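Asker: sharing a model prediction with you, sequence too.
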Amino acid sequence: MLKSDADCSRRSFLGTALAGAASLVFGAAHLVSTETASILSSSAATASDDITSLKLHEVAALVKQKKISPVEITRACLVRIEALNPLPLLNAFITVTAESALAEARQAESEVQKGMWRGPLHGIPIALKDLFDTAGVRTTDGKQLIRKAATSALTFMTFS
């Protein structure tokens, strides 16, 4: 428990927020309704028991051990998003930045192969809530009526 607002540093807040966002991509199926779960279980997107069915700590360990690459993880997540996001009951992503996600994954993969390790989320793709202004990406704050232009300056950092 925090004693005051000063006890919550920007770094600890971002670390917690990013870990929470990463959990949205990995293993959050238990949070969906029964109807949505039924659709997801019959979907082609779940046909492969692949990376996206693993727990976050399992994927992170595989990356650190170089048994799976950040590019493989990112591609698997993008395939799953592409298959499931259009479902009317899900529609979890307003904007998917596949190209930049793959570019960051390639960078992370290069670093991992060279022995550079930035921590447990290194190479793990994350989903940012549509409340954070991000360079080159429109922000809607999750509302149809609000359409902010793509931000020119990065105001939210991600781990690569």
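Answerer: Sure thing, it's come through.
Asker: could you list the low-pLDDT ranges of the protein?
Answerer: Residue ranges of the chain with pLDDT under 70: 1-49, 142-160.
Asker: can you list phi and psi of the nearest residue to residue 50 once chain neighbours are set aside for me?
Answerer: Closest residue in space to residue 50, ignoring its immediate chain neighbours: residue 76 at 5.4 Å, by C-beta to C-beta, 6 or more residues apart in numbering. C-beta here means a position set from N, CA and C on the backbone, and glycine is covered the same way. Phi and psi for residue 76, reported as degrees, to the nearest 10, are phi -60, psi -40.
Asker: is it true that residue 76 touches residue 53?
Answerer: No. When contacts are counted by C-beta atoms under 8 Å, residue 76 is not listed as touching residue 53 (9.5 Å).
Asker: the two: which is more packed in?
Answerer: residue 76 (20 against 15; other C-beta atoms under 10 Å).
Asker: what about the more buried one, distance to residue 59?
Answerer: For residue 76, the distance to residue 59 equals 10 Å [C-beta to C-beta, to the nearest Å].
Asker: equivalent analysis for residue 87, please.
Answerer: Look at residue 87 and residue 59: by C-beta to C-beta, they are 24 Å apart.
Asker: got a list of contacts for the helix or strand containing residue 100?
Answerer: Here residue 100 sits within helix 98-113, counting by DSSP states H and E. Here helix 98-113 makes contact (C-beta atoms under 8 Å, 6 or more residues apart in numbering) with 63-64, 66, 69-71, 73-75, 77-78, 117-118, 122-123, 125, 136, 158, 160.
Asker: and residue 87 and residue 59? Which one has more around it.
Answerer: Taking neighbours as other C-beta under 10 Å, residue 87 and residue 59 compare with residue 59 leading, 27 against 14.
Asker: identify the contacts common to residue 76 and residue 59.
Answerer: Common contacts of residue 76 and residue 59, defined by C-beta under 8 Å, 6+ apart, comprise residue 51.
Asker: quick one: the strands in this protein, in order.
Answerer: Counting by DSSP state E, no segments of the chain form strands.
Asker: show me where this structure has its helices.
Answerer: Assigned by DSSP state H, the helices in the chain fall at 10-25, 34-42, 56-64, 70-84, 98-113.
Asker: which helices and strands does the fourth one pack with?
Answerer: Using 3 or more C-beta pairs under 8 Å, 6 or more residues apart in numbering; DSSP states H and E as the contact criterion, the secondary-structure elements in contact with helix 70-84 are helix 56-64, helix 98-113.
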